[in-house]
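> coordinates only, no sequence provided:
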């Protein structure tokens, strides 16, 4: 789905071939196992309950009744099918395979003679194809079909779903184009999907059609969902002229991903320049500390620059996933470590908080502070997020490394085996709980080549403890410069048995927000390695109200591995205070000269944000008032 | 409309009879003159443009075509007609009178034989009366008709509009009731309107019907506007069991006003107790410093306790007006100065910001901070606010004073003449620009009686300068206790010519927010007297970005009358700093140990918040980061 497996001459990094990376346990291996054994089956059940299969059966003439649910339900099913395809690539699973095959049978039956396939329009709006591009989500659903089909083809080698996708893509290509019908979809998605379909099939029409759809944007033709303007559907500015992210966060970030994909295949400088401007605006002005995006509930939208509330942060799970897609493509396009840094922040925090530890419940909205607590749900009427989580978890290993003419680049650290270009590498690590990463060369592939290891930007405060050993054995100069936010790259004729050991220092650290972020003024966040931490009520002393805590910025925090907490996490213990509200008058507003509240010292216990809300609904906060 | 003119034995204060108070210039006289000479005529034109008159002509069979606009457009017209009625009471205005008479003619023609009157249902939904109580706004529109009719009867003595209202009320009373149809309106309003109609007509059926409609709430029968629950329509809890304000802010505060009105007429203790709980929750947890309510755009709703963002404060103008209604009724019910304090805060700030100085443009949403600036609009598709502003401004003198068996109470200070119970008082003041108020007894009315003057709670920081002179001449003890947040009350046999002079100290003051308000942490607000101040870009030195200012909490501020600024205001000059963002890395999040930004001293100029956005769209903020 959102991996670029075909090299572009313009890309400075290339995604590895499908199945070049295998997780070997560890943090992500554990999460992926839950995804495969629990979430994908749960998804199948939920798709049945919600009507997704029912709707396709109606379209296929295999059932009677009325269409159920929102018009874009097909897309949920496609995302789930994409996730199942990745899971099948990892190893045999007859039950999942049967589910996938039955689903593909159903899609084949439902597809119309001319290639059109959309349960909502076939069942509920016959004869009204393409009459509501602004809101109808037809091209959006088609895009998700294409991504699922590419994944299934790569995973199984079987052509059936890809053929269904291409028949539909050909129908779209015969309908839309410069000399045909104009217009595009209110929800971007088709763009990156068509580029991926081009990569898998080599059919240049699909790439051209992606470019056409991108060029259709910015004509301000679309009628936003009132009261929102054309930003809602990303129709407010031509893509090459965009200066800032705006409107619906998921739609903007999906569009950005398509924009970057088109650059990866065409090398058009204006596309990269626009993508870089959009990335910069998002990251420098509108990103939550979790790597999540979307400040507003109304319109599921970006706010203004520095509008980043904690309690009403929208941070849709799909927006974090979309940020992963966009960052990955920008990393391929440029090789710049900042995209891998941003990817890591979104992956471990904004994205991973979207799913319960047991794999059976999901957040759509991810607040950074919850006064009353929140509960993940098994499914949603608008269920875009749960199967999006599933396909991201099922493919997480695709994003660990890239290769290039020079060698191999490791971007994210996880226990994994990598086979590419005749080389075999193993990564052994307990990351993110500790910062030691062993990179073992099992097969060297002959010639001299460069191994590049990302040094995360978050190490910047502890560079003295950032070390790399094993260089001597490989015959490399000792004491290379190790600069956080860059790659440590070593070219040599590697030998089997060479081992580099990277030590990333992981002291808990306090992070301050930009002084223009009004909602976070006077607060600090606890982080450790790639993880953003939060306070949950359950871990604090009795009688502590999370509205009344302060963290002491001068005191050092302590990290402690707690195997029985939340599936095993490193908790962080920080010194702080509890304000005595009894000394406050009931007034909300009070003369500035009034004395500050008396306070009592206490130890605060923080847990990784991704693990919050797994012990029943209770208050949580990431940003802590500084004492 | 929202005045209680009939005494209740249970009310500790009574509203003065209609027309007992006349404004004699001053701050409110000036605003009311703009309302009468500009806004009411503007409203007539806008109601014509928006289709409100057109819709009624369709209902009356006087025109052909389709219904225009939202279903509750009648209510806008009724609010305007109520405002026009108050204006007619103040003095002859043939043009306004002609508009009012023509409107009443139209209503009489449109009213159906059985008394029913609603343009939307008559024109667009014939035969579907009362089929959508959750969303249809029929009873809401009826309530606004009743309020307009009471106002018109009081103002002109003519019965025609009141007869139309009573015919419709009788129809409703014959339709709904314990042994008839159950249910109530998704938008509260009918409750207080029926109580007022009872007060004007003495017809007990109307009071009973108000009680019935109140008792219908809390059965969670209503289907909220997705994704909102029954809180949206105030159907989530029985009124006597309510503990907290929730859901749509205007609907909650209209409901609270009806609740208080029913208490004023029945004296049922459970009603007052519920009203007091709701008032406390709103004021202690969910009120913006402007006296405005509504933290969320989505659902136009209250947030959680302490969820009070500045940039995305919703603070609908109608919610501030509703807060005035509720506070006024609670003041009547209890005589407690805190309600008059809260009334004053909402009146001068949250309410008055809703209208441009020229009377031709209105805010629906009233942010406390605007990064990009905002522009009031001439009208809105959902135009509840503009005519609500008009009726509030046209009746502002109704809320200055009350009377009781003991005497007369002055709650708000304005240049005005008061005639009640054979007594004549004059208030002379330049309030809120200065704090001297002369209360002159022109006719004493014979016996000993008590004159009570409110000492605003905001004086608390400057009690040494709070003085009252003239007691000696009246033969009263000197040096009475003067406690802000209470009334100074003096019983004596007043003589014509007695003059009390109250001096309310008005030093600019800095206000801190409750430490639990995350969005305001580390900030202070500038206030002076009843006015909340804000910074606008236009008043700051060149090159100053309002995102980068700090106020110095230690430095004294200076107030200066500026007759040519914004129609004449006292500006406040405060010492502060400007942060040099050039020293900040581009990152949004940064190690806590990083040095604070360098800063430059500067003088900040603040103007009253109500006057913002009268010089084109530009940044504004109330809450200022403390240096």
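In hand now; what should we look at? This is a predicted model, so every value here is computed, not measured. Numbering: from 1, shown residues only, chains lettered A, B, ... in the order given.
> let me know how buried the nearest residue to residue A:625 once chain neighbours are set aside is, in neighbour terms.
Counting by C-beta to C-beta, 6 or more residues apart in numbering or on different chains, residue A:550 is the residue found nearest to residue A:625 once chain neighbours are left out, at 4.8 Å. The way it works is simple: take the backbone N, C-alpha and C, and place the C-beta from them, glycine included. If you count neighbours by other C-beta atoms under 10 Å in any protein chain shown, residue A:550 ends up with 23.
> pLDDT at residue A:550, what is it?
Looking at residue A:550, its pLDDT stands at 98.
> that one and residue A:577 touch, don't they?
Yes - between residue A:550 and residue A:577 there is a contact under C-beta atoms under 8 Å: 4.5 Å.
> tell me the contacts of residue A:472?
Taking C-beta atoms under 8 Å, 6 or more residues apart in numbering or on different chains as the contact definition, residue A:472 lies against residue A:478.
> can you tell me how far it is from residue A:501?
12 Å (C-beta to C-beta, to the nearest Å).
> please look at residue A:15 and residue A:397 and confirm they touch.
No - applying C-beta under 8 Å as the test, residue A:15 and residue A:397 come out as separate, 11.4 Å apart.
> what helix or strand is residue A:167 on?
helix A:160-173 (DSSP states H and E).
> on that earlier part again, mutual contacts of residue A:550 and residue A:577, please.
Between them, residue A:550 and residue A:577 share the contacting residues A:599, A:627, judged by C-beta under 8 Å, 6+ apart.
> for residue B:225, see how far away the most centrally placed residue in chain A is.
Compute the mean C-alpha point of chain A, and by C-alpha atoms, centre = their mean the closest residue is residue A:321, 2.5 Å away. Going from residue A:321 to residue B:225 by C-beta to C-beta gives 29 Å.
> what count of nearby residues applies to residue A:98?
10.
> ignore the last one, residue A:91
Residue A:91 has 8 nearby residues by other C-beta under 10 Å.
> check residue A:450 too.
Neighbour number of residue A:450 under other C-beta under 10 Å is 16.
> mind listing what the residue nearest to the centre of chain A touches?
So residue A:321 contacts A:351, A:354, A:388-389, A:392 (C-beta under 8 Å, 6+ apart).
> ok, those vs chain B, which is closest?
Of all the contacts of residue A:321, chain B sits closest to residue A:351, with 17.2 Å by C-beta to the nearest C-beta.
> in this structure that closest one contacts residue A:319, no?
No - assessed by C-beta under 8 Å, residue A:351 is found out of contact with residue A:319, at 9.4 Å.
> which parts of the stretch 451-600 of chain A sit against chain B?
The stretch 451-600 of chain A comes close to chain B at residues A:460-461, A:509-519, A:521-525, A:547-548, A:553, A:579, A:581, A:584, A:586-594, A:597, as judged by C-beta under 8 Å from any C-beta of the partner chain.
> quick check: residue A:138 vs chain B, distance?
From residue A:138 across to chain B, the span is 23 Å (C-beta to the nearest C-beta, to the nearest Å).
> what do you get for residue A:583?
11 Å.
> residues contacting that residue?
A:597-598.
> next one, pLDDT for it please.
Reported pLDDT for residue A:583: 85.
> and residue A:439, which of the three is it?
strand (DSSP: H, G, I helix; E, B strand; the rest coil).
> count of neighbours near the residue nearest to residue A:474 when sequence neighbours are not counted?
Leaving aside its sequence neighbours, residue A:474 sits nearest to residue A:498 (C-beta to C-beta, 6+ apart; 4.7 Å). When counting by other C-beta under 10 Å, one arrives at 22 neighbours for residue A:498.
> one more: the one 5 residues further on?
Other residues within reach of residue A:503, judged by other C-beta under 10 Å, total 15.
> disregarding residues adjacent in the polypeptide, which is nearest to it?
Here the residue nearest residue A:503, using C-beta to C-beta, 6+ apart, is residue A:467, at 4.5 Å.
> now that neighbour: phi and psi?
phi -130, psi 160 (degrees, to the nearest 10).
> try the one 3 residues further on
Phi and psi for residue A:470, reported as degrees, to the nearest 10, are phi 100, psi 0.
> mind checking how far it is from residue A:498?
7 Å.
> cool, residue A:626 as well?
Applying C-beta to C-beta to residue A:626 and residue A:498 gives a distance of 46 Å.
> which SS state does residue A:155 fall under?
Going by three-state DSSP: residue A:155 is helix.
> then residue A:55?
From three-state DSSP, the assignment for residue A:55 is helix.
> correct me if wrong: it contacts residue A:121.
No - the pair residue A:55 / residue A:121 is not scored as a contact, 10.7 Å apart, by C-beta under 8 Å.
> looking at the two, which is more packed in?
residue A:55 (28 against 25).
> from chain B, how far out is that one?
20 Å.
> quickly note the distance from that residue to residue A:626.
52 Å.
> how far away is residue A:20 from residue A:424?
From residue A:20 to residue A:424 the distance is 10 Å (C-beta to C-beta).
> check contacts around the residue nearest to residue A:625.
Residue A:550 is in contact with A:576-579, A:599, A:624-627, counting by C-beta under 8 Å, 6+ apart.
> try it again with 7 Å
Each residue near residue A:550 by C-beta atoms under 7 Å, 6 or more residues apart in numbering or on different chains is listed here: A:576-577, A:579, A:599, A:624-627.
> mind checking what helix or strand follows whichever strand or helix holds it in sequence?
If you go by DSSP H and E, residue A:550 is part of strand A:549-551. Note on strand A:549-551: by DSSP H and E, the next helix or strand toward the C-terminus is strand A:558-562.
> mind giving me the packing neighbours of that next one?
When contacts are defined as 3 or more C-beta pairs under 7 Å, 6 or more residues apart in numbering or on different chains; DSSP states H and E, strand A:558-562 sits against strand A:569-579.
> contact partners of the helix or strand following the strand it packs on?
Sequence-wise, the next helix or strand downstream of strand A:569-579 (DSSP H and E) is strand A:589-591. Strand A:589-591 is contacted from outside by B:289, B:460-461, B:509, B:511-513, using C-beta under 7 Å, 6+ apart.
> can we see that at 6 Å?
With C-beta atoms under 6 Å, 6 or more residues apart in numbering or on different chains as the test, strand A:589-591 has contacts from B:289, B:461, B:511-512.
> up against chain B, what does chain A have?
By C-beta under 6 Å from any C-beta of the partner chain, the part of chain A that sits against chain B consists of A:284, A:287, A:289, A:297-298, A:304, A:307, A:309, A:311, A:371, A:461, A:510-512, A:514, A:516, A:519, A:521-522, A:524, A:547, A:553, A:586, A:588-592.
> write the PyMOL selection for whichever of those residues are buried.
If you want just the buried ones from the residues of chain A next to chain B in PyMOL, going by 16 or more other C-beta atoms under 10 Å in any protein chain shown, the selection is:
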select buried, chain A and resi 287+289+297+304+307+309+311+371+461+510+511+512+514+516+519+521+522+524+547+553+588+589+590+591+592
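> got any ranges where chain A has weak pLDDT?
Within chain A, the ranges that satisfy pLDDT under 70 run A:1-11.
> and if we set it to 90?
A:1-12, A:219-229, A:445-447, A:461, A:464, A:472-481, A:582-587, A:593-596 (pLDDT under 90).
> what about the nearest residue to residue A:566 once chain neighbours are set aside, distance to chain B?
Excluding the flanking residues, the one nearest residue A:566 by C-beta to C-beta, 6+ apart is residue A:611, at 4.2 Å. Between residue A:611 and chain B the distance is 20 Å, computed by C-beta to the nearest C-beta.
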